[in-house]
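In: Below is the sequence, then the predicted model.
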Amino acid sequence: MKKVSLGILLLFMVSSTVVAQEVLDKIIAVVGEEILLKSELEENVALAESQSGVLPENAECLILNQLLSQKLLVNQAKLDSILVLDEEVEGQMNARFEQILVMMNNDPKQFLDYYGMTITEAREKFRSDMKDQLLAQRMQQSVVSDITITPAEVIEFFNKIPKDSLPYFNAEVEVGEIVFYPKPNEEERKKAKDRALELRTMIVEQGANFSELAKSSSHDPSSGRLGGDLGWQKRGQFVPEFEATAYTLEKGEISEVVETEYGYHIIQLLERLGNRIHTRHILIQPRITQDDMDKAKEKLSEVRSLILSDSISFSRAVKDYSSEKVQSYFNDGLMMNPATGTTFFETSELDVDVYFTIDTMSLGSVSEPIEYVSERREAAFRLVKLVSITEPHKASVKEDYSKIKTAAIEEKKALYTIDWVEEKIANTYIKIDGDYMGCEAVEPWMKNKNNSNP
């Protein structure tokens, strides 16, 4: 269990070494201004083993080569003055720790028990590593940003695949949706606002602790467990009403109650640097009643009737009735598969409620309203349309051009990156510990003229 939890942490937070350990740790490579510690290699090997089980004999060498490449990318990013802003790092940290905590039933104590450190301590430990990871990603994107591919190259790539090795694609579907969120009634909105006013009075007039009230009362689970802390954010990251108030506050000042689409906020400005602010908040959301749910469902039923009677197209209904909070709104209602970046899903990749709905639908039909919980953890309803169905088949240019094109351009980028790395190796200061002389995967690095190890 302990090993699995370590794998989870390393999976979401790039490997790192506690500063106190670096005195005893060993530097096994230097790439430009970047160093690679033996502990980093060991942690990445452990992570690979926790994910894949038994590793091949040369796994350590292959992972060492990957880490050297990452260090090279980070070094070059700094030379090229590629920037990663603090708020980008904080955003990634927030998202990844959120994923870890979800796996732990949102229990910070369980996090502490597993890793021997609080969430705040872990954030501090991994912050610089996260920045390096983002720098490496941005540098790699910069290296291949101009890579394009022609239709002839796509066909050439496909023709190189042995016929008996062509992939077999399972049945796939495209699904459209219209999403509608129930609106809280006036009575519940008033209750929520009154509660927010009560909490503000407790803080401003009675000296209550903002952080503790956020932990106990805020309806924003992500920031609530952190005492309401939203981290550093640049202008444009918050909804307009929140931002308009936050940027008028003085350091330490508590706002009046602010209403946004999310509910009622109490905001405190912790610090400001130019267009970047560090705030915390308490969010109180109005309760959605069963009557509110029934009205939302009835509204979507009316929209469905309009579509079925050809009074309005599905596409027009998306623009007129679907929520702008969902990505599909900006894609003519089509759901995007986060795993592939396309609009095609294997049925196993669909949400369970969508899968069981389309299972009995004919092509082009529109479902009754389906109740579900959105990615924002809010109750919602949606209409689902079965847009297309692809039968199981062997890959072909005719049916799978977009997928083949994606694979072809990724191969082209990978080959270009390899050439770029080899070129940079020749012009970058590199030192690698002699203990790794036998690593075949690391031989190109060993040939660098600066590497004088025996």
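Out: Sure, I can see it.

In: Could you use CA atoms for every contact and neighbour count after this?
Out: OK.

In: Domain ranges for the chain, per the record?
Out: Structurally, the chain divides into domains by automatic domain parsing as follows: 2-144+413-446, 169-184+289-394, 186-284.

In: start to end distance for the last one?
Out: The straight-line separation of the ends of domain 186-284 (Cα to Cα, to the nearest Å) is 15 Å.

In: what's the answer for the second one, then?
Out: Using Cα to Cα, the end-to-end distance of domain 169-184+289-394 comes to 6 Å.

In: Please compute how far that domain lies from its chain's middle.
Out: How far domain 169-184+289-394 lies from its chain's middle: 22 Å, per Cα atoms, centre = their mean, to the nearest Å.

In: returning to that earlier point: can you redo the domains of the chain as a markdown table with mean pLDDT and distance to K160?
Out: Formatted as a markdown table, those follow (pLDDT from 0 to 100; distance: least, Cα to Cα, whole Å):
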| stretch | mean pLDDT | distance to K160 |
| --- | --- | --- |
| domain 2-144+413-446 | 82 | 16 |
| domain 169-184+289-394 | 92 | 15 |
| domain 186-284 | 93 | 46 |
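
In: Mean neighbour count and distance to K163 added to those domains, as CSV?
Out: Listed next are the domains of the chain as CSV, based on neighbours: other Cα atoms under 10 Å; distance: least, Cα to Cα, whole Å:
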stretch, mean neighbour count, distance to K163
domain 2-144+413-446, 16, 23
domain 169-184+289-394, 17, 10
domain 186-284, 18, 49
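
In: And these: which comes nearest T406?
Out: With Cα to Cα, the closest approach to T406 among the domains of the chain belongs to domain 169-184+289-394: 9.8 Å.

In: returning to what we had before: now tabulate the domains of the chain in a markdown table and tack on distance to I155.
Out: Shown next, in a markdown table, are the domains of the chain (distance: least, Cα to Cα, whole Å):
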| stretch | distance to I155 |
| --- | --- |
| domain 2-144+413-446 | 17 |
| domain 169-184+289-394 | 16 |
| domain 186-284 | 42 |
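
In: Could you point out which of those sits nearest I404?
Out: Smallest distance to I404 across the domains of the chain (Cα to Cα): 11.8 Å, for domain 169-184+289-394.

In: Show residues contacting stretch 68-83.
Out: Applying Cα atoms under 8 Å, 6 or more residues apart in numbering, the contact partners of stretch 68-83 are 29, 31-36, 132-133, 135-136, 138-140, 421, 424.

In: Which residue ranges of the chain form strands?
Out: Ranges of strands in the chain, per DSSP state E, are 27-31, 34-37, 168-169, 172-180, 229-234, 258-260, 263-273, 276-284, 345-346, 370-373, 379-390, 393-394, 430-432.

In: about what we covered before: which two among the contacts of stretch 68-83 are spaced furthest apart?
Out: With distances taken as Cα to Cα, the most widely separated pair in the contacts of stretch 68-83 is A29 and R138, at 22.5 Å.

In: how about CSV for the strands of the chain, with distance to K299 added?
Out: Formatted as CSV, the strands of the chain follow (distance: least, Cα to Cα, whole Å):
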stretch, distance to K299
strand 27-31, 61
strand 34-37, 59
strand 168-169, 38
strand 172-180, 9
strand 229-234, 35
strand 258-260, 23
strand 263-273, 22
strand 276-284, 26
strand 345-346, 28
strand 370-373, 12
strand 379-390, 10
strand 393-394, 40
strand 430-432, 65
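
In: among these, which is nearest D353?
Out: When the strands of the chain are compared by Cα to Cα, strand 370-373 sits nearest D353, at 7.8 Å.

In: quick one on the thing from earlier: what's the closest of the domains of the chain to Y401?
Out: Y401 lies closest to domain 169-184+289-394 among the domains of the chain, at 12.4 Å (Cα to Cα).

In: and the angle from the lengthiest helix in the chain to strand 27-31?
Out: With DSSP state H setting the assignment, residue counts place helix 397-426 as the longest helix in the chain. If you take axes from the mean of the first three to the mean of the last three Cα atoms, to 10 degrees, helix 397-426 sits at 100 degrees to strand 27-31.

In: Report the angle between helix 397-426 and strand 379-390.
Out: Going by the same axes, to 10 degrees, helix 397-426 makes 110 degrees with strand 379-390.

In: now for helix 397-426, which elements pack on it?
Out: Other helices and strands packing on helix 397-426, by 3 or more Cα pairs under 8 Å, 6 or more residues apart in numbering; DSSP states H and E, are helix 59-79, helix 119-144, helix 151-160, helix 443-446.

In: right, and these - which one's nearest I288?
Out: Closest to I288 of those, according to Cα to Cα: helix 119-144, at 31.8 Å.

In: chain center to that closest one: distance?
Out: How far helix 119-144 lies from its chain's middle: 13 Å, per Cα atoms, centre = their mean.

In: Then stretch 112-122?
Out: Worked out by Cα atoms, centre = their mean, stretch 112-122 lies 22 Å from the chain centre.

In: Pull up the distance across that stretch, start to finish.
Out: Chord length of stretch 112-122, first to last residue, is 9 Å (Cα to Cα).

In: swap in stretch 78-92?
Out: End-to-end distance (Cα to Cα), stretch 78-92: 20 Å.

In: Name the nearest residue to I149, sequence neighbours excluded.
Out: Closest residue to I149 apart from its sequence neighbours, by Cα to Cα, 6 or more residues apart in numbering: I409 at 6.2 Å.

In: Quickly note the distance from the residue lying closest to V84 once chain neighbours are set aside to Q70.
Out: In this structure, V84 finds its nearest non-sequential neighbour in L135, 6.4 Å apart by Cα to Cα, 6+ apart. Note on L135: its distance to Q70, by Cα to Cα, is 9 Å.

In: Does V30 touch I425 like I think?
Out: No. V30 is beyond contact range of I425, at 11.7 Å (criterion: Cα atoms under 8 Å).

In: Bridged to E259, which residues?
Out: Counting by DSSP bridges, E259 is bridged to Y264.

In: Dead centre of the chain: give me the residue that sits there.
Out: Centroid-nearest residue in the chain, with Cα atoms, centre = their mean: A95, separated by 6.2 Å.

In: any chance of the helices and strands packed on helix 397-426 in CSV, with distance to G228 too?
Out: Listed next are these as CSV, based on distance: least, Cα to Cα, whole Å:
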stretch, distance to G228
helix 59-79, 33
helix 119-144, 13
helix 151-160, 50
helix 443-446, 47
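
In: Of all those, which one comes closest to Y436?
Out: Here helix 59-79 is closest among the helices and strands packed on helix 397-426 (Cα to Cα), at 7.9 Å.

In: Run a quick neighbour tally on P151.
Out: Counted with other Cα atoms under 10 Å, the neighbours of P151 add up to 10.

In: so how far is L415 from it?
Out: For P151, the distance to L415 equals 18 Å [Cα to Cα].

In: cool, and L68?
Out: In terms of Cα to Cα, L68 sits 17 Å off from L415.

In: ditto for S323
Out: In this structure, S323 and L415 are 42 Å apart, going by Cα to Cα.
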